[in-house]
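K.L.:
build the 3D model from these lines:
(4 chains)
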Number of protein chains: 4
Amino acid sequence: MQDIFDQLHEECGVFGIYNINHAANLTYLGLHSLQHRGQEGCGIVCNDHGEMSRMKGQGLVTEVFSASQLEKMKGNCAIGHVRYSTTGGNVIENVQPFLFHHHTGEFALAHNGNLVNSNELRLYLENKGSIFQSTSDSEILAHLMKKNADSENRIVNIIDALNMLEGAFAFVILTKDKLYACRDKYGFRPLVIGKKDDGYVVSSETCGLDIVGATYIRDLEPGEVVCFSQDGMKSYQYSQFKHYKMCAMEYIYFSRPDSNLEGLNCHTFRRISGKILAQESPVDADIVIGVPDSSLSAAMGYADESKIPYEMGLIKNKYVGRTFIQPSQELRERGVLMKLSPIQSVVSGKRIVLIDDSLVRGTTSKRIVRMLKEAGAKEVHLRIASPQIISPCFYGVDMSTYDELMSACMSLDEMQKELDVESLKFLSIEGLYKAASRKELCTACFTNVYPTNTYNSMKNTNKKS
Amino acid sequence: MQDIFDQLHEECGVFGIYNINHAANLTYLGLHSLQHRGQEGCGIVCNDHGEMSRMKGQGLVTEVFSASQLEKMKGNCAIGHVRYSTTGGNVIENVQPFLFHHHTGEFALAHNGNLVNSNELRLYLENKGSIFQSTSDSEILAHLMKKNADSENRIVNIIDALNMLEGAFAFVILTKDKLYACRDKYGFRPLVIGKKDDGYVVSSETCGLDIVGATYIRDLEPGEVVCFSQDGMKSYQYSQFKHYKMCAMEYIYFSRPDSNLEGLNCHTFRRISGKILAQESPVDADIVIGVPDSSLSAAMGYADESKIPYEMGLIKNKYVGRTFIQPSQELRERGVLMKLSPIQSVVSGKRIVLIDDSLVRGTTSKRIVRMLKEAGAKEVHLRIASPQIISPCFYGVDMSTYDELMSACMSLDEMQKELDVESLKFLSIEGLYKAASRKELCTACFTNVYPTNTYNSMKNTNKKS
Amino acid sequence: MQDIFDQLHEECGVFGIYNINHAANLTYLGLHSLQHRGQEGCGIVCNDHGEMSRMKGQGLVTEVFSASQLEKMKGNCAIGHVRYSTTGGNVIENVQPFLFHHHTGEFALAHNGNLVNSNELRLYLENKGSIFQSTSDSEILAHLMKKNADSENRIVNIIDALNMLEGAFAFVILTKDKLYACRDKYGFRPLVIGKKDDGYVVSSETCGLDIVGATYIRDLEPGEVVCFSQDGMKSYQYSQFKHYKMCAMEYIYFSRPDSNLEGLNCHTFRRISGKILAQESPVDADIVIGVPDSSLSAAMGYADESKIPYEMGLIKNKYVGRTFIQPSQELRERGVLMKLSPIQSVVSGKRIVLIDDSLVRGTTSKRIVRMLKEAGAKEVHLRIASPQIISPCFYGVDMSTYDELMSACMSLDEMQKELDVESLKFLSIEGLYKAASRKELCTACFTNVYPTNTYNSMKNTNKKS
Amino acid sequence: MQDIFDQLHEECGVFGIYNINHAANLTYLGLHSLQHRGQEGCGIVCNDHGEMSRMKGQGLVTEVFSASQLEKMKGNCAIGHVRYSTTGGNVIENVQPFLFHHHTGEFALAHNGNLVNSNELRLYLENKGSIFQSTSDSEILAHLMKKNADSENRIVNIIDALNMLEGAFAFVILTKDKLYACRDKYGFRPLVIGKKDDGYVVSSETCGLDIVGATYIRDLEPGEVVCFSQDGMKSYQYSQFKHYKMCAMEYIYFSRPDSNLEGLNCHTFRRISGKILAQESPVDADIVIGVPDSSLSAAMGYADESKIPYEMGLIKNKYVGRTFIQPSQELRERGVLMKLSPIQSVVSGKRIVLIDDSLVRGTTSKRIVRMLKEAGAKEVHLRIASPQIISPCFYGVDMSTYDELMSACMSLDEMQKELDVESLKFLSIEGLYKAASRKELCTACFTNVYPTNTYNSMKNTNKKS
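P.N.:
Now for the predicted structure:
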């Protein structure tokens, strides 16, 4: 349950439109559907026959864009970005898409993921005279593309550049007459292609296709770059090294329940994972409740399998908004209830199975357990619908040091005591694979086995990547 | 499902603090918990030893108030208001609490409900020289209180004034040294009292007590005015005419699931109403889904009773925000998906029981049914967890003419056809009473039987009350 | 020189349009031309066949109104107000025009001036049941008008009400079909009438007529109320007690140089007063400089008469904007230079005659003298183009206690020393009368002789009026 | 008179602080004093021991910066910029200072002027792999500095880079431990050095030194770069090609009256130019008036010399603010009076000498003449205190095509007719040199003789530079 209090964050979502009317408005809708992937900033670049206009800002999609501004963004090609944070902090300079001016034409790009060799590439580029406008690693691709600029053959430049990148990425690149979509050779981050009218849509998740009414074609392959131009859609496999290592957390927590990732619906995955969790770790209890909203699917699955009634024991306030620090300790404690509250008549006197999707720092779970017990819960059995997170992520998820991970620092017993629960169980790795019906996933955070070389950024595990 | 698109609106929530530190901040928390009762405006008046400060604005609680502004509002007594709309439209002048200047001391008031004799009272007052600063009927009480001002005996003035009011109201009144809470003699609108430290809290719903950590004492009685002063809490029954006619829609839709109204929890009521609905109107189907969020309780009840699996077929976007009109018809249709989307893998090929809490205009239900069928639903059986709404409300709910009510204008068959559902059933009145375990409720909108005299405002059923 | 730093403030300007297209836009222009009379807030009420719309806010005319908002204000009658401050402080409730709702029709009013019997009237009205929405004395007239409401004969009600008011006022009143303009029986505050097309314009100053292209007809007489209706313009002398006591400070400082007040142009008055000052208090010096912008006219007159060259020794920054408190004492001192700076090459080594229009607290003059001396001035001879201010004002000028008036607390010698000038002289009362070519003026602040009864508000000279 | 309506614009002002406490606040003050050089945007970069913070925005200095934001900008070195426009339009990306990230340390720069070989340099740099973040020519210097990066010897890199630039520039460059100030080899744009405490100040004009309390040391020399470091101030003459060609318009119009440029005070220059104009082009008239504020100095000079009385015939509204397009033609005409208005009693029936500092498009002058005649002026003799502008500017002044220059398109007779004046005269070139007491000035716009090679940008005289 990383949905409130100390949230676990995805880093970004990307979206692109090629050759469809109202490209800026469609991108607005697409970004809105990807809002859960990043709430700190967002932007759109729209291409009107080579004339690029950009709008970006800090905040939510509905806060940053207005009808009148979108109307000014003409053209039928566009890319967009929603962003969580990156190295360098939450400043407007780091909000994407990045827009570059060049005598061969303006171009823009947006990135979801995290490069693990960014320091090396940056040094290499600066030593050749490049200057960076942001502290984001996403800017590196642009410089690589132009470094040995052969403007006659842009796809070769892009392929060469992509081959220099290590790590996790889904890129969309907008040029004066083309749209490119690229996915790293491990396929860490999702990226899908859809079709609408005579044009194309790319999106981090299928919910972005649904909202604009595009028909799903397929997911991009790891190591693939797709070019959309007046000649239609053309695919290049830029690397022969190709692994299916999509981030398991996409299924577990990040993606929207209605999104399908590489063929599997997220809600369905979560429901199954709840069932398996019930098989693996049953308990005698009165009701099953999930931490809203992200853990409700798994809770339903657990209830189904265990035959323990599914109940609504916690409700989430739909008007949370931006809150501020209250002036006294008691008021600060009260502030938590602005986000989530127990239904006393449901939980009082009950033995509760509490389902959460994942457990990172544990502070949120601890508060929820206390909230339930104060509302009268007799027992709380915490069941986590994913394995223990024991290692940091270097591929774009905001958990980057060992010591912020509860499972990396404590034994199960210690955790149970710290969380004040009657029992605590996690889904097994095998259960995870079973729920996904596949073993090809990045589970580095559960296993400490990383698919890529890790370079020096790995060594500094306190540095936010 | 009045939660999205064409929402059914409560008119307002009220809150008050007597003699507790950080009164403005507590009121802020209280109003936040009552936000579902009104999102168009809100305000707080705080009393610092007779010096009143006010802050109000249009928008949500988290938008209108800032930490620094609250800090400036000193004092340990306060009242607050969240507002939907009133006669006269959404202008800042109509945002409450109203604050009045008088040589006997400033005073403020806030109101939830609707007076049915406001036109008569207003004319009476204006003919005696009163001038109104707003178009809100809530201002009338203040003028009545001061009309034959006997400043030595304020409670008598208040009681006299309250006896002149007909209709629905819960009032909180803040004077230089007291807090008053009043409820109309039918008890249409809820109002509860809690205790915290040496002071008192009043709130439209118990969730307002929970968030500030107050202990529930009791609901105000119909026809009661309670005065909080340095002598503690003192109750006056201002009218011997006293009926328990709380609005049934408070249980069905308005109040928060975790609130208890006159002893009954709302989520529990809704769950039971879903069970009864399943008994009354069973159907052979594959899954039960509720329209999020307000109909999930009833859907769980229906699933429990019918043994048809409860599923998550629709998800609500938690980042809806303020949206604007899209520039093309297709985009406008798409805009609906910004709020609610189906999970195709759940609903495709299924026979669905769709539970909604109520059906007013029917436009929303129609859209949702279409959405589900486009996502592949084989059958949609719509079950409404409340009776047919056939008459307008004059007591503060925003449905004021016959012709906006689908059930008042069409037969069941016509509705079923219009909504494009395979079957359509409503909860019976008896089912409603059974779920509430009581018959003393205002069910005027279901029965066309009004508890009060109706005056001339009743005749003009097109006038927004 | 009260134009910067510790400014002397007029309280408000009023404006009205009767029967001219684009009434809201014309009022916007009119208020913009009266902006110097009040910068804290402004508002417009527009009448579209009895339907009144209002727009008001805190800040400058160009900040509060937008093109799109003005467009929504339909109708060809309007009134407007720019405001400095009033009792009760700078809160949005006190920003005028006030708008009142009444079954006989909405009406609005705006006021420039200060009533001296407001406390008495307020008590009288409240004892008859009135409640006030603001702390402004301007609201009193509305209540008086409705007190013994004879809706058939509004002019009689207005005349009766006006006769109860004591003090300084220029009122504009907008009803569903008429516009009224009223001036107190002493004529303290200016108010002029103009004609444009088939309609009429009223304005505190003639510059408001000029900007909308209206032709000046005449000033309102003291004790006159003028009614504009479909029958044209009709005048009523509501009081036979009638004195010409316009505030001398209107000529000296408040009004715009291009405005004519009761037949005399302000710049011309100021230039002549400078000449007379040179005759009365000559000095041997190298250059004459005026404190910009308000004292330049008088400085030109002094230079002309004395044959000492007029120079530009101080320049005012035209981009002052809203400034904030700097973090160190030195920076705070520097901040003064953001507003005004000396031209060193002009003042260095010179014996300067420094002309200021008036001297209230003296703090500004002291700073300017120091600034000039730091820039190298050899001598500074301060000449004030008005008499010594020895008494507070109760008619709407923001100088209300004896102890804030330098001339009330110090001898000439002490002031000269305090200000660090080589000599200090004031215009004589006779000089003032001579410059105005009339003796009928309110000079209470120079003479301590007040034209009106003063009631109890006079006794509390620390209360801001 | 380019101060209102169709203003002639300088492009930018720069400011820098080395080693003084409160560097950000001092830069704020400095930029405020340079506000007249650019009102479209502004920014500050502050250096706290190598950690750079930036704040920038569109609008005035007082709008963009707040006290709380400045407080966060720690450090005792800073640079700032006020900006008019540049190629690429008024977008936030083009607001300076530019901040660059590099492994050798962040650095920032700000620029006043215009490079004439920017297209060539940009192509050269892009072909070597550079990508530009803005469309501003000011970014070029940063790329040149890093191109052949020898990080051990930064001053050599800077000197090499500066030698590649052709055109007009004053640059301030902030690195982790140094501040650089550079002026082009013609000295087109002013830049001065001051001393305060143990640190240094650089500013486009001396008024920037005055406001922070710095002591003027000297103007930078053409072709000089000055480095401020812990070793103090060190000067390098980067080019032996060195000419004194400061823009004459700096004296005539741009710079603040209290600024001294290369030893001569601007107000003094203007006053003398007015005297010479009176000698060269006398006329029999009743009064002399200047167009406020920029032409008042010259008008005083003309009045002095001609013995015709100096009068205040036009007043400028000090509350202009942001205005919008009025809804009718008449109202739009009225809108002009929001900025400037005649004093009818001064100008009516008079033969007027109207002094303006310069004449570019002529539209403003035409309006002012009409305004004066409508106010009753009998004759208007227009005297321009600078020579005829017959050629565009390529060095940073916003007049870049021949056909927008009235003097380039019409004969004197045609202009006199078009402007509807009784006579029209300009200051001679000799008069200009005499007023400046020097002949070494850039007078390209008066003479069509350009000091530099002009490259291809010259050929496209319709392109805004």
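
K.L.:
quick check: A:Leu34 touching A:Thr206?
P.N.:
No - A:Leu34 is not in contact with A:Thr206 according to CB atoms under 8 Å; the separation is 10.7 Å. All C-beta spots, glycine's among them, are computed from the backbone N, C-alpha and C.

K.L.:
just to check, A:Gly194 is in contact with A:Leu209?
P.N.:
Yes - assessed by CB under 8 Å, A:Gly194 is found in contact with A:Leu209 at 3.8 Å.

K.L.:
who has more neighbours, the two?
P.N.:
The neighbour comparison of A:Gly194 against A:Leu209 (other CB atoms under 10 Å in any protein chain shown) goes to A:Leu209, with 25 against 21.

K.L.:
can you give me the helices in the stretch 251-400 of chain A?
P.N.:
A:266-280, A:296-306, A:329-336, A:344-347, A:363-374 (DSSP state H, counting those that start in this stretch).

K.L.:
what number of residues lie near A:Arg367?
P.N.:
18.

K.L.:
residue contacts, the residue lying farthest from the centre of chain A?
P.N.:
Largest separation from the mean C-alpha position in chain A: A:Gly349, at 37.7 Å (CA atoms, centre = their mean). Applying CB atoms under 8 Å, 6 or more residues apart in numbering or on different chains to A:Gly349 gives the contacts A:376-378.

K.L.:
A:Leu125 too?
P.N.:
So A:Leu125 contacts A:140, A:143-144, A:147 (CB under 8 Å, 6+ apart).

K.L.:
looking at the residues you listed, spot the one nearest C:Asp258.
P.N.:
Using CB to CB, A:His143 is the member of these that sits closest to C:Asp258, with 60.3 Å.

K.L.:
could you report the distance from the closest residue to chain D within the stretch 301-450 of chain A to B:Gly13?
P.N.:
Proximity of the stretch 301-450 of chain A to chain D (CB to the nearest CB) peaks at A:Phe324, 14.9 Å away. Separation of A:Phe324 from B:Gly13 (CB to CB, to the nearest Å) stands at 21 Å.

K.L.:
give me the more crowded residue out of the two.
P.N.:
Set side by side, A:Phe324 and B:Gly13 show more neighbours around B:Gly13, with 32 against 14, by other CB under 10 Å.

K.L.:
show the pLDDT at the more buried one.
P.N.:
pLDDT for B:Gly13: 96.

K.L.:
who does it bridge with?
P.N.:
Beta-bridge partners for B:Gly13, by DSSP bridges, are B:Val82.

K.L.:
the one 5 residues further on too?
P.N.:
According to DSSP bridges, B:Cys77, B:Tyr200 are recorded as the beta-bridge partners of B:Tyr18.

K.L.:
that one touches B:Tyr200, doesn't it?
P.N.:
Yes - under the criterion of CB under 8 Å, B:Tyr18 makes contact with B:Tyr200 at 4.5 Å.

K.L.:
neighbour count winner among the two?
P.N.:
A side-by-side neighbour count of B:Tyr18 and B:Tyr200, using other CB under 10 Å, places B:Tyr18 first with 29 against 23.

K.L.:
lowest mean pLDDT across the helices of the stretch 251-400 of chain A, which one is that?
P.N.:
Of all the helices of the stretch 251-400 of chain A, helix A:329-336 has the smallest average pLDDT, which comes to a mean of 82.

K.L.:
I'd like to know which elements it is packed against.
P.N.:
Identification of packing neighbours for helix A:329-336 by 3 or more CB pairs under 8 Å, 6 or more residues apart in numbering or on different chains; DSSP states H and E yields helix B:23-33.

K.L.:
and the residue of the stretch 51-200 of chain A found nearest chain C, which of the three is it?
P.N.:
Per CB to the nearest CB, A:Ser68 is where the stretch 51-200 of chain A lies closest to chain C, at 10.4 Å. Classification of A:Ser68 by DSSP: H, G, I helix; E, B strand; the rest coil places it in helix.

K.L.:
for the one residue in the stretch 101-250 of chain A that gets nearest to chain D, give its distance to A:Gln96.
P.N.:
Closest to chain D within the stretch 101-250 of chain A is A:Gln133: 3.8 Å, counting by CB to the nearest CB. Remark: distance between A:Gln133 and A:Gln96 (CB to CB) = 12 Å.

K.L.:
hey, what's in contact with both of these two?
P.N.:
Between them, A:Gln133 and A:Gln96 share no contacting residue under CB under 8 Å, 6+ apart.

K.L.:
okay, these two: which has more neighbours?
P.N.:
Comparing A:Gln133 with A:Gln96 by other CB under 10 Å, the one with more neighbours is A:Gln96, at 30 against 22.
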